[in-house]
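1. Please work out how this folds:
(one chain, ligands or ions: 2)
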Amino acid sequence: MALQSASLVSSAFVFSKEGKSNASFKDSSLFGVSLSEHVKADFSSCIEVQALDRASSEGKKTLRQGTCIVTGASSGLGLATAKALAETGKWHIIMACRNFLKAERAAKSAGIAKENYTIMHLDLASLDSVRQFVDTFRRSGRPLDVLVCNAAVYLPTAKEPAFTAEGFELSVGTNHLGHFLLSRLLLEDMKKSDYPSKRLIIVGSITGNTNTLAGNVPPKANLGDLRGLSGGLNGLNRPAMIDDGAKAYKDSKVCNMLTMQEFHRRLHEETGIAFASLYPGCIATTGLFREHIPLFRLLFPPFQKYITKGFVSEDEAGKRLAQVVSDPSLTKSGVYWSWNKHSASFQNQLSQEASDAEKARKVWEISEKLVGLA
Ligand code: NDP
Ligand code: PMR
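-> Residues are numbered from 1 along each chain as shown. Ligands and ions are numbered 1, 2, ... in the order given. This is a model prediction of the structure:
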């Protein structure tokens, strides 16, 4: 069991190894646990690069428009964040999306002004695509001031693991490894930016933190001794997932939160970039749950609204992430932000695993090898 729950990717879709009654995860238990467990616990509009705008009437320096890349900005949190930032007029958003048409439609229907966004193609499930995106961005000539690693997939009902172009299990491959390569490459661009408050944000989640009730809903996140990750997540010598897609997602979020902290330890002092993660609240209406059973999608929003009271609208969540991008009071590096009932931000505590510095170092080193940086 230690091995099973310890390895990131030990046994594909094998249930109940801990003797728990979650064998019915996909069949009958609506929220993924039995009741007893519940109780237990491009260039499309390549416009001029904005230089420092010294044109204010009093002769004061004002900030130039910042450039912020948001991955997965075609729906949910990413789209709402792009909208919130664009509305301020202070940001040009690079919407880094795998589906250009969907992103264009989403931007239009959200009412984002044309001059405030550019869509560039990025498929995080392909490392070649990540590298191509970085090239495309560089050719745009824009500076890079803030990077938001937001895109994610969640595959709770998958019966077999799916894989990225390089053969990594899809959830960890997309949510963690794709973003890991992207942020490592783009760090060079951020270093060159003259923007006074540069930030690199990796979206985390409560469900990856076992110090919370939500994080104790099985299957729990657990990277174990990292042999799953170091085995390459390829499903050849070792099965590619543990338990099911839900665990793979939560594990990917732990990798996201550990990566943010390792960035902070290695690079904050040298670069001045603020590295941050966050839990924006439970945005129960987004596309993240598109693979879940219809009944879950119907009942999850009211469950979060009226029972856990953890629900937050896409608009509100977008404003929260936009704060982490640009609010002058959220400049601290190495922080995992959350919001209280009154929607006030606070520095939240990560679980023991999600704040394990040694594990963060190892995840960094293993990930470097997997994405071809080491
Ligand atoms: P959505 O499904 O609405 O948005 C996810 C985005 O990621 C979509 O734009 C999707 O693109 C994109 N995406 C998926 N795979 C890839 C890929 N291979 N390459 C590029 N883009 C990709 O979900 P959310 O808005 O809810 O999720 C956003 C973030 O918020 C995630 O990091 C999630 O973990 C986090 N989060 C969400 C919570 C919630 O309650 N919803 C709670 C806590 C954290 P496409 O539109 O083409 O599918
Ligand atoms: Mg959860 C305070 C309680 C709380 C909060 C804030 C969340 C957030 N959840 C809570 C409680 C519970 N959830 C309880 C008691 C149960 C058992 C009935 C429960 C179940 C549950 C399921 C089956 N919850 C879920 C699922 C999912 O499939 C979602 C998930 O784990 O995605 C990985 C999910 C979530 N609950 C949350 C949040 C934010 C999610 C979704 C996404 C995420 O973490 O990114």
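
2. What segments of the stretch 201-350 of the chain are strands?
-> Shown for the stretch 201-350 of the chain, the strands assigned by DSSP state E, counting those that start in this stretch span residues 274-278, 335-339, 345-347.

3. Could you double-check that F180 lies in contact with S367?
-> Yes. Counting by C-beta atoms under 8 Å, F180 touches S367, with 4.7 Å between them. (Each C-beta comes from the backbone N, C-alpha and C, glycine too.)

4. more crowded one of these two?
-> F180 (27 against 24; other C-beta atoms under 10 Å).

5. Figure out which of the strands of the stretch 201-350 of the chain is closest to ligand 1.
-> strand 274-278 (8.2 Å; C-beta to the nearest ligand atom).

6. Secondary structure element holding the closest residue to G72 other than its chain neighbours?
-> Nearest non-adjacent residue to G72, counting by C-beta to C-beta, 6 or more residues apart in numbering: A151, 2.7 Å away. Element membership for A151, per DSSP states H and E: none, as it lies in no helix or strand.

7. I119 too?
-> Per DSSP H and E: strand 117-121 holds I119.

8. ok, and what's touching stretch 118-132?
-> Defining contact as C-beta atoms under 8 Å, 6 or more residues apart in numbering, one finds that stretch 118-132 is touched by 42-47, 71, 92-98, 100, 103-104, 107, 133, 136-137, 140, 151, 164-166, 170, 173-175, 177-179, 181-182, 185, 371-372.

9. Please flag which of these sit within helices.
-> Among these, the subset assigned to helices under DSSP state H consists of 100, 103-104, 107, 133, 136-137, 140, 170, 179, 181-182, 185.

10. and P196, how many neighbours?
-> By other C-beta under 10 Å, 11 other residues sit near P196.

11. which residue packs closest to the residue of the stretch 201-350 of the chain at minimum distance from ligand 2, ignoring adjacent ones?
-> Nearest residue of the stretch 201-350 of the chain to ligand 2: G310, at 2.9 Å (C-beta to the nearest ligand atom). Spatial nearest neighbour of G310, chain neighbours left out: C282 (4.1 Å); criterion: C-beta to C-beta, 6+ apart.

12. For that neighbour, name its beta-bridge partners.
-> In this entry, C282 is beta-bridged to F311, by DSSP bridges.

13. Please apply the same query to T67.
-> H92.

14. what about it, distance to R199?
-> 12 Å (C-beta to C-beta, to the nearest Å).

15. Identify the contacts common to those two.
-> By C-beta under 8 Å, 6+ apart, T67 and R199 have these common neighbours: 145-146.

16. Quick one: neighbours of Q352, just the number.
-> 11.

17. Give me the phi and psi for it.
-> When read as degrees, to the nearest 10, the backbone of Q352 gives phi -60, psi -50.

18. Count the residues that sit near H176.
-> By other C-beta under 10 Å, the residues close to H176 number 31.

19. excluding its backbone neighbours, what's nearest it?
-> The nearest residue in space to H176 (C-beta to C-beta, 6+ apart) is C255, at 3.8 Å.

20. was I right about that neighbour contacting T174?
-> No. In this structure, C255 is not within contact of T174 by C-beta under 8 Å, at 11.3 Å.

21. So these two - more neighbours on which side?
-> Using other C-beta under 10 Å as the criterion, C255 and T174 rank with C255 on top: 31 against 26.

22. What score does the more buried one have for pLDDT?
-> In this model, C255 is scored at 98, pLDDT.

23. quick one: it from G287, how far?
-> 21 Å.

24. just to revisit the earlier point, of the strands of the stretch 201-350 of the chain, flag the one that's most buried.
-> strand 274-278 (a mean of 26; mean count of other C-beta atoms under 10 Å).

25. and the angle from it to strand 335-339?
-> Strand 274-278 and strand 335-339 are oriented at 40 degrees to each other (axes from the mean of the first three to the mean of the last three C-alpha atoms, to 10 degrees).

26. which residues sit against strand 274-278?
-> Contacts for strand 274-278 (C-beta under 8 Å, 6+ apart): 197-204, 256-257, 260-261, 263-264, 267-268, 320-321, 324, 330-338.

27. follow-up on the earlier one: contacting ligand 1 as well, which ones from the contacts of stretch 118-132?
-> Residues of these in contact with ligand 1 (C-beta under 6 Å from any ligand atom): 71, 97-98, 151, 174.

28. Ligand 1 contacts on the stretch 201-350 of the chain?
-> 203, 205, 279-280, 282-284, 286-288.

29. Give me the three-state assignment for E160.
-> Under DSSP: H, G, I helix; E, B strand; the rest coil, E160 falls in the coil class.

30. Wondering if the longest helix along the chain reaches ligand 2 at all.
-> With secondary structure taken from DSSP H, the chain has its longest helix at helix 245-271. Yes. Judged by C-beta under 6 Å from any ligand atom, helix 245-271 and ligand 2 are in contact via 246, 249-250.

31. From the contact counts, what lies against that helix?
-> helix 170-172, helix 179-192, strand 199-203, strand 274-278, helix 357-370 (3 or more C-beta pairs under 8 Å, 6 or more residues apart in numbering; DSSP states H and E).

32. which of the residues in the third one are buried?
-> Pointing back at strand 199-203 there. Buried positions in strand 199-203, judged by neighbour count with 16 or more other C-beta atoms under 10 Å: 199-203.

33. circling back: export the strands of the stretch 201-350 of the chain to a markdown table and tack on mean pLDDT and distance to T157?
-> Output for the strands of the stretch 201-350 of the chain, formatted as a markdown table (pLDDT from 0 to 100; distance: least, C-beta to C-beta, whole Å):
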| stretch | mean pLDDT | distance to T157 |
| --- | --- | --- |
| strand 274-278 | 98 | 27 |
| strand 335-339 | 98 | 28 |
| strand 345-347 | 98 | 34 |
